[in-house]
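Visitor: okay, structure incoming, though there's no sequence with it:
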């Protein structure tokens with residue numbers, strides 16, 4: 001163990017797909033309704049490492065941060081609404097936080113795009129940096145048992161391991177129960193396992209500023225939208241960057257920039273809520289479009305039946 005007077009060099013390694021699942025959960029399912037902030041997460045990590053290591057937070061610094069994920073190529077992303085633009089925006093976020101992105105092409109497997117090799121690349125990068133004696137604490141945002149050999153190797157090198165874990169479940173828009181959890185084998189190997197779902201829930205209840213900073217700033221314009229009258233219907237059709245909502249007498253046009261959430265997450269037939277406003281041509285269009293969860297859609301149907 002290093003002296004309390006020595007600085008702690010921290011390396012943070014993200015499995016991008018796992019991080020996306022956690023961020024989507026807080027943005028769409030959890031009451032906070034906001035995405036995770038990478039800058040806020042790094043600040044939390046420094047404070048948590050300081051607490052575990054018995055040093056002042058000022059002596060903890062993130063020396064390395066790396067993000068790994070499979071990604072569509074540019075031609076494929078261009079066919080998915082504003083996916084190409086969203087990828088670029090996220091790259092800007094990673095760059096602003098000093099996080100090095102590592103992308104692998106998604107592979108076709110039985111007609112479905114799948115990630116392959118992300119766990120191997122992340123493990124090699126983390127092990128190499130630790131082997132060069134450049135890191136005191138490795139922080140992993142991963143969940144699969146495939147990372148078990150990495151944790152064993154890091155432990156053998158004498159590197160302390162902090163594992164940020166999440167466990168949550170919900171029912172998706174197709175009525176399927178979705179479960180996200182971190183491998184218990186990984187948790188048993190970590191020097192400092194951190195149950196983030198419990199930490200965040202407790203921090204939210206206590207208005208902990210460290211936890212508040214872990215989420216992107218609240219979208220006040222979205223809150224103001226709640227004061228408007230919202231209609232509900234379903235997606236009629238989707239094109240490249242725009243779509244139509246089923247609504248009498250004429251279906252309503254909407255642009256991807258008018259979607260609260262990801263345009264790429266929408267599918268034909270999805271229940272949505274929206275406001276009706278007029279464009280520059282004085283035509284009715286849909287604004288503030290938001291995909292409803294199955295529970296919200298059922299609640300809207302009940303409200304209409306009782307009206």
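Guide: Happy to help now that I have it. Source: prediction; values computed, not measured. Numbers count the residues shown, from 1 in each chain.
Visitor: okay, and residue 274 sits in which element?
Guide: strand 271-278 (DSSP states H and E).
Visitor: buried residues in that strand, which are they?
Guide: By neighbour count on 16 or more other Cβ atoms under 10 Å, the buried set for strand 271-278 is 271-276. To be clear about C-beta, it is placed using only N, CA and C from the backbone, and glycine gets the same treatment.
Visitor: how about CSV for the residues you listed, with pLDDT and distance to residue 48 added?
Guide: What follows is the buried residues of strand 271-278, written out as CSV (pLDDT from 0 to 100; distance: Cβ to Cβ, whole Å):
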residue, pLDDT, distance to residue 48
271, 94, 39
272, 94, 39
273, 93, 38
274, 93, 41
275, 92, 41
276, 92, 46
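Visitor: hang on, the earlier thing: and the next helix or strand past the strand holding residue 274?
Guide: strand 284-291.
Visitor: list the helices and strands that next one packs on?
Guide: strand 252-255, strand 271-278 (3 or more Cβ pairs under 8 Å, 6 or more residues apart in numbering; DSSP states H and E).
Visitor: which strands and helices sit next to the shortest one?
Guide: Contact partners of strand 252-255 among helices and strands, from 3+ Cβ pairs under 8 Å, 6+ apart: strand 242-245, strand 271-278, strand 284-291.
Visitor: most remote residue from the middle of this protein, which is it?
Guide: Largest separation from the mean C-alpha position in the chain: residue 249, at 38.1 Å (Cα atoms, centre = their mean).
Visitor: per-residue pLDDT, residue 296?
Guide: Among the per-residue scores, residue 296 holds a pLDDT of 85.
Visitor: before we move on, what about residue 225?
Guide: pLDDT at residue 225 comes out at 45.
Visitor: cool, residue 98 as well?
Guide: So, for residue 98, pLDDT stands at 96.
Visitor: also residue 175?
Guide: 69.
Visitor: can you check the one 4 residues further on too?
Guide: Among the per-residue scores, residue 179 shows a pLDDT of 89.
Visitor: just confirm it is within a strand.
Guide: Yes. Assignment of residue 179 by DSSP: H, G, I helix; E, B strand; the rest coil places it within a strand.
Visitor: I'd like the next helix or strand past the biggest strand by length in the chain.
Guide: Looking across the chain with DSSP state E, the single longest strand is strand 60-71. The helix or strand immediately downstream of strand 60-71 is helix 74-78, counting by DSSP H and E.
Visitor: residues in contact with the helix or strand following that following helix?
Guide: Downstream of helix 74-78, the first helix or strand assigned by DSSP H and E is helix 83-96. Residues outside helix 83-96 that contact it (Cβ atoms under 8 Å, 6 or more residues apart in numbering) are 38-39, 67, 71-72, 74, 77-78, 100-101, 262, 264.
Visitor: how does this structure divide into domains?
Guide: Following the assignment in automatic domain parsing, the chain carries domains at 8-212, 223-306.
Visitor: that older thread, what lines up beside the strand holding residue 274 in the sheet?
Guide: strand 231-238 (antiparallel), strand 284-291 (antiparallel) (DSSP bridges).
Visitor: outside of that strand, which residues touch it?
Guide: Residues from elsewhere that reach strand 271-278 (Cβ under 8 Å, 6+ apart): 173, 225, 228-235, 245, 247, 252, 254, 266, 284-292, 296-297, 300.
Visitor: give me whichever of the strands paired with strand 271-278 is most buried.
Guide: strand 284-291 (a mean of 20; mean count of other Cβ atoms under 10 Å).
Visitor: verify the stated contact: residue 7 with residue 61.
Guide: Yes. Counting by Cβ atoms under 8 Å, residue 61 is a contact partner of residue 7 at 6.4 Å.
Visitor: thought residue 126 was touching residue 154?
Guide: Yes. Contact criterion Cβ under 8 Å: residue 126 and residue 154 qualify, at 7.1 Å.
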